[in-house]
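Visitor: Let's see this in three dimensions:
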Amino acid sequence: AFAEAAHAFEPGSWEKQQQPILTHGPAAWDLGAIHEHDLVRHSNGTYVLFYTGGCGGDCGCPGNFCDQGGLATSTDLRSWAKYKQGNPVLSYSKIRDRFDAKHRRPRSLSRIGEYWYLQYEGGSHSEVIGHNCSSIDSVGLARSKEIEGPWVEFHPLQLSIPQQPGPSMSSVWTGWPRCTTDDLDPGSLFCFYAA
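Guide: From the prediction side, this is the model:
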């Protein structure tokens, strides 16, 4: 999908488009910021941007700040429209002690068979003593038959790339997943992540 999106412009003819292509607000859930996204091309030819919206103050989130996932679409990669019927389509968990109760940031979207699979960064309200982290993040996995959701089918183990015990490189947080499918093994998903 990334290659298809890149080839919408001829190689060597990259030009900076009118910026920004998507602005924050006016809804409270993405009024503070728009960041961390993934771009795919839907089977109908429409480009879909699954992005993170950060609330801008009093938006009803715990602590008045959270990140949630929203959708925007385009037919030409220049003009974008937010999915007004259902944004945010990926809300933070309302269960306080879950790993994704502070935020859910969509990061990597893949189509495998009849499902869309979304690797997302989930933030908890936990703290790790001795580390300067605003939240402890882990990588979660959700799936849906429709790109618009509902994104309610989460990985049975909740975490797909959890923190590791002990003083390992991934003992505090895991995040920023970027995944790809393998054309030679259509059932496999390969992910890079930060720790």
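Visitor: Beyond the least confident helix or strand in the chain by mean pLDDT, next helix or strand please.
Guide: Ranking every helix and strand in the chain by mean pLDDT, DSSP states H and E puts helix 2-6 at the bottom, with a mean of 38. Using DSSP states H and E, the next helix or strand after helix 2-6 towards the C-terminus is strand 33-41.
Visitor: as a whole number, average confidence for that following strand?
Guide: The pLDDT scores in strand 33-41 average 87.
Visitor: Quick one: work out the angle between the helix or strand following it and strand 33-41.
Guide: Remark: after strand 33-41, the chain's next helix or strand is strand 47-54, criterion DSSP H and E. Angle of strand 47-54 versus strand 33-41, following axes from the mean of the first three to the mean of the last three C-alpha atoms, to 10 degrees, is 160 degrees.
Visitor: In terms of helices and strands, where is the most centrally placed residue in the chain?
Guide: Taking C-alpha atoms, centre = their mean as the criterion, residue 106 is the residue nearest the geometric centre of the chain, at 0.7 Å. Secondary structure assignment for residue 106, by DSSP H and E: strand 103-112.
Visitor: Who are the packing partners of that strand?
Guide: Strand 103-112 sits against strand 33-41, strand 47-54, strand 67-74, strand 115-124, strand 175-182, strand 185-194, with contacts defined as 3 or more C-beta pairs under 8 Å, 6 or more residues apart in numbering; DSSP states H and E. Just so you know, the C-beta spots here come from the backbone N, C-alpha and C atoms, and that holds for glycine as well.
Visitor: For the residue nearest to the centre of the chain, give me its contacts.
Guide: By C-beta atoms under 8 Å, 6 or more residues apart in numbering, the contact list for residue 106 reads 36-38, 50-52, 69, 90, 118, 120.
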